[in-house]
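A.B. asks: Predicted model follows, preceded by the sequence.
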Amino acid sequence: MAKIIFIPGSLRKDSLNKKLLEVCIKFFEQKAVECHLVAQSELNVPLINTDDEQTKFPATIKAIVEKINAADGVVFGVPEYNSGISPVIKNFVDWTSRLKPHPWKGKSVLLVGTSPSDFGAISGLAHTRDPFPTGIKCSMAPSSKTKRDKKISKWCWAIF
Ligand SMILES: Cc1cc2nc3c(=O)[nH]c(=O)nc-3n(C[C@H](O)[C@H](O)[C@H](O)COP(=O)(O)O)c2cc1C
């Protein structure tokens, strides 16, 4: 059975992007995919500090990476902050990039995002591609299609 890990890019309790991931999970479960939604609390870790990486590497990040290593793909729910990347996702990718083997090597990644603005999370999605290295065959799904999802909010656009 295929396995996918879902990672919310927001720590907010009522996060729209977490709700968007829950919609995606329903879709994938209908396709008989095993889905695991990472708890927001596991992403609430200190900012990357390389002084700490030997002694205080966040245990929850290591645990998520173990799940990623055993999965076929990862889906991120991507909020847009000031037209850019969510600090939660950037910090997560920064910590993970210090591990060997590189957890994103050969991994398939899908970014989905939503925001209440007229343009959805389109700019945030574009920037969220940046920290995933191209040289290690990490494949990113294109983020070029937009779809209004009235089930989430009449103002929300989901961008895939
Ligand atoms: C610091 C900050 C900056 C934001 N900048 C943008 C932005 O540039 N574009 C946008 O569409 N929404 C922006 N928003 C609004 C977020 O899209 C909105 O709060 C959204 O609900 C966040 O995602 P979440 O619901 O998953 O937490 C910003 C919100 C915050 C807190």
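C.D. replies: Ah, there it is.

A.B. asks: doesn't residue 25 fall inside a helix?
C.D. replies: Yes - under DSSP: H, G, I helix; E, B strand; the rest coil, residue 25 falls within a helix.

A.B. asks: tell me which residues form a beta bridge with residue 84?
C.D. replies: Note on residue 84: beta-bridge partners by DSSP bridges are residue 81.

A.B. asks: Low-confidence ranges, the chain, go.
C.D. replies: Low-confidence segments of the chain (pLDDT under 70): 135-138, 140-160.

A.B. asks: what residue is smack in the middle of it?
C.D. replies: residue 76 (2.1 Å; CA atoms, centre = their mean).

A.B. asks: Give me the phi and psi for that residue.
C.D. replies: With angles defined as degrees, to the nearest 10, residue 76 sits at phi -100, psi 140.

A.B. asks: swap in residue 73?
C.D. replies: Reported as degrees, to the nearest 10, the phi and psi values for residue 73 are phi -160, psi 170.

A.B. asks: my guess is it meets residue 107, correct?
C.D. replies: Yes - using CB atoms under 8 Å, residue 73 is in contact with residue 107, at 6.9 Å. For the C-beta atoms, the positions are set from N, CA and C on the backbone; glycine is no exception.

A.B. asks: Contact residues of this protein facing the ligand?
C.D. replies: 10, 12, 15-17, 79-83, 115-117 (CB under 6 Å from any ligand atom).

A.B. asks: which SS class is residue 46?
C.D. replies: Following three-state DSSP, we place residue 46 in the coil state.

A.B. asks: can you map out the strands along this structure?
C.D. replies: Remark: strands assigned in the chain by DSSP state E are 3-8, 34-37, 73-78, 108-115, 139-140, 146-148, 157-159.

A.B. asks: tell me the most buried of these?
C.D. replies: Stretch with highest mean neighbour count among those: strand 73-78 (a mean of 25; mean count of other CB atoms under 10 Å).

A.B. asks: Could you tell me which residues within stretch 24-34 count as buried?
C.D. replies: 24-25, 28 (16 or more other CB atoms under 10 Å).

A.B. asks: In terms of distance to residue 133, which of the residues you listed ranks first?
C.D. replies: Proximity of the buried residues of stretch 24-34 to residue 133 (CB to CB) peaks at residue 24, which lies at 24.3 Å.

A.B. asks: was I right about the closest one contacting residue 8?
C.D. replies: No - using CB under 8 Å, residue 24 is not in contact with residue 8; the gap is 11.0 Å.

A.B. asks: list the contacts for the residue lying closest to residue 71 once chain neighbours are set aside?
C.D. replies: The shortest distance from residue 71 to any non-neighbouring residue, by CB to CB, 6 or more residues apart in numbering, is to residue 3 (4.3 Å). The contact partners of residue 3, by CB atoms under 8 Å, 6 or more residues apart in numbering, come to 33-36, 70-72.

A.B. asks: Having no further points to raise, I will conclude here.
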